[in-house]
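Chemist: Need a 3D model of the following:
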Amino acid sequence: MPSLIDLMLEGHQVQQHSPWPRATVDASVWVFAASELAHGRWSLLGLWGEPSMVHMAIMDGDTAEIATVSLDCPDRTYPSVGRHHPPALRLERVILDLFGLSAEGSPDSRPWLDHNNWGVRFPLGDRIDAPSPPSPYRFLPVEGDGLHEIAVGPVHAGIIEPGHFRFTASGETVVRLEQRLGYTHKGIEGLMTGANLERAVQLAGRVSGDSTVAYAFAFSRAAEAALQLVVPDRAIWLRALLAELERLANHLGDIGAICNDASFALMQAHCAVLRESILRASNAAFGHRLMRDIIVPGGVTRDLNDDGTEIIQAALGNIRRRFPALVELYDNTASLQDRTVDTGVLKATLARQYAAGGYVGRASGRSFDARRTLAYPPYDSLHFEVPVLNEGDVNARVWIRVREVEQSLSLINQILDRLPEGPMGTHAAHRREAREGMAIVEGFRGDVLVWLRLRDGRVERCHLRDPSWFQWPLLEAAIEGNIVADFPLCNKSFNCSYSGHDL
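Modeler: I've put the predicted structure just below:
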């Protein structure tokens, strides 16, 4: 029996260059897809634009089938998805900023990435006459007795990236939070246009420094889907090793940082030592602490020798000895539990609506993990569990990380035990005709999506979507009803990426 996605695409010409189909549809099918998203039957995976076209990636929640629908925009307009499905709103605002394509019927058309510094409104699309000087950014109006606003940022103490947070509070209680991001826009997708694969995968790995492996992994798989490249087995398993090392290091760092924001610096000190041991092992085994520029289309650039294997195993052994005591310390410290339990609760309905990935979604009952749900190699032949909790608070997001640390330790052992011999890569042949590919890879924050179109060995268009796009808005919801002083704790438990979101 054909699926609902199959029925939607019936009668349309479907591209087959990717593991998942893409079809150019008419406006009625576009609106139908938006209505299915609004009713919760499908999930929005991505929404992006070109100078005269918009694309939307969707997933059927029951079957995990994925498809991309595209809509021509000759008059530079398209029916708003955000009008029916709020997770699309910020993505539509970015499409307007970058390409000048307007979402008809959208309840919010304010700029997002454009901070009035570009001189022209649409740097990736057709240049048009610059509009008249824009008015200051309009935060949503606030009315009510006893309410006051607190502006935080965009420049923060420490070395974190910039973002503006506008709190509306009643005394110490947060009534509403509105974010203003986009300060770290780097033009990555514009820089990719016309780049060869070697340069483009380097740019992908620099979208978000703590996810350099995940982005290079997703970009490479998308390029391989477009070019129909077969990656050698050893490279496939080495990629998973790199991904799990990255996940392990970041989760250890996050657990300590969350505890530090609850004034429990001892946990941060111990977790930082364990995180550092993984970074040093990664540097010794692969030549870079963050393992940058190792995954490329067709394979990997660095192999793992016996010395590297021993160093990684020694680091894992150290973590296995020390981490359980830290977990017990976290669980048995009453003052710490007072800060994390029932704080920053994200409701399961919102996690599902926004297709929240990673620890944010799994702490609120959404079990999606691209490694398990999409089962890309070598995870389709590895044994691991996907931890899921339903409380949705800071404490649950800590425990998801704890359990994922344990799973990554197991996965790395399995990979090292079963690492096959053989070549590390294959040559990425040029294809003169346009070839499209899309890939989804599980990063430590959640699913990273990359869609691209290649022509004659160069990138004609590439879109990279960080999991933070669907997590940042949920932070606004999770902080409501909490005190202002708990915002740093809630924020760190989400640990959304500024850089990955603002690319």
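Chemist: in the stretch 251-400 of the chain, which spans are helices?
Modeler: Along the stretch 251-400 of the chain, counting by DSSP state H, counting those that start in this stretch, helices occupy 265-286, 306-331, 334-340, 348-353, 358-362, 370-373, 394-418.
Chemist: Turn these into TSV, including distance to residue 54.
Modeler: Quick note: C-beta positions are derived from backbone N, CA and C, even for glycine. Putting those into TSV (distance: least, CB to CB, whole Å) gives the following:
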stretch	distance to residue 54
helix 265-286	39
helix 306-331	44
helix 334-340	41
helix 348-353	21
helix 358-362	25
helix 370-373	24
helix 394-418	33
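Chemist: Please identify the most buried of those.
Modeler: Across these, averaging neighbours per residue (mean count of other CB atoms under 10 Å) puts helix 358-362 on top, at a mean of 29.
Chemist: about what we covered before: just tell me which of the helices of the stretch 251-400 of the chain ends up closest to residue 174.
Modeler: Nearest of the helices of the stretch 251-400 of the chain to residue 174, taken as CB to CB: helix 394-418 at 14.5 Å.
Chemist: What's the first helix or strand after the closest one?
Modeler: As assigned by DSSP states H and E, the chain's next helix or strand after helix 394-418 is strand 435-442.
Chemist: Any chance of the backbone angles for residue 66?
Modeler: The phi/psi pair for residue 66 (degrees, to the nearest 10) reads phi -130, psi 140.
Chemist: still on that earlier bit, got the helices of the stretch 251-400 of the chain as CSV, with mean pLDDT columns?
Modeler: Listed next are the helices of the stretch 251-400 of the chain as CSV, based on pLDDT from 0 to 100:
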stretch, mean pLDDT
helix 265-286, 97
helix 306-331, 97
helix 334-340, 94
helix 348-353, 98
helix 358-362, 98
helix 370-373, 97
helix 394-418, 98
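Chemist: Tell me the buried residues in the helix or strand hosting residue 217?
Modeler: Here residue 217, judged by DSSP H and E, is contained in helix 212-227. For helix 212-227, the neighbour count (16 or more other CB atoms under 10 Å) marks 212-227 as buried.
Chemist: Tell me both backbone torsions, phi and psi, for the spatially closest residue to residue 37 that is not a sequence neighbour.
Modeler: Excluding its sequence neighbours, the residue lying closest to residue 37 (CB to CB, 6 or more residues apart in numbering) is residue 85, at 4.2 Å. Backbone geometry at residue 85, expressed as degrees, to the nearest 10, gives phi -140, psi 100.
Chemist: my read: residue 442 touches residue 368, true?
Modeler: No: using CB atoms under 8 Å, residue 442 is not in contact with residue 368; the gap is 9.2 Å.
Chemist: list residues touching both of these two?
Modeler: By CB atoms under 8 Å, 6 or more residues apart in numbering, residue 442 and residue 368 have these common neighbours: residue 357.
Chemist: Do a quick rundown of the strands in the stretch 51-200 of the chain.
Modeler: 53-60, 66-72, 77-79, 102-104, 147-152, 164-170, 173-180 (DSSP state E, counting those that start in this stretch).
Chemist: Can you give the strand pairings for the second one, parallel or anti for each?
Modeler: Note on strand 66-72: by DSSP bridges, its sheet partners are strand 22-24 (parallel), strand 53-60 (antiparallel).
Chemist: What of the third one?
Modeler: With DSSP bridges as the test, strand 77-79 is paired with strand 102-104 (parallel).
Chemist: So which residues make contact with the strand it pairs with?
Modeler: Contact partners of strand 102-104, identified using CB under 8 Å, 6+ apart, comprise 76-83, 92, 95-96, 109.
Chemist: Turn the strands of the stretch 51-200 of the chain into JSON lines, including mean neighbour count.
Modeler: Below are the strands of the stretch 51-200 of the chain laid out as JSON lines (neighbours: other CB atoms under 10 Å):
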{"stretch": "strand 53-60", "mean neighbour count": "22"}
{"stretch": "strand 66-72", "mean neighbour count": "21"}
{"stretch": "strand 77-79", "mean neighbour count": "19"}
{"stretch": "strand 102-104", "mean neighbour count": "18"}
{"stretch": "strand 147-152", "mean neighbour count": "13"}
{"stretch": "strand 164-170", "mean neighbour count": "18"}
{"stretch": "strand 173-180", "mean neighbour count": "18"}
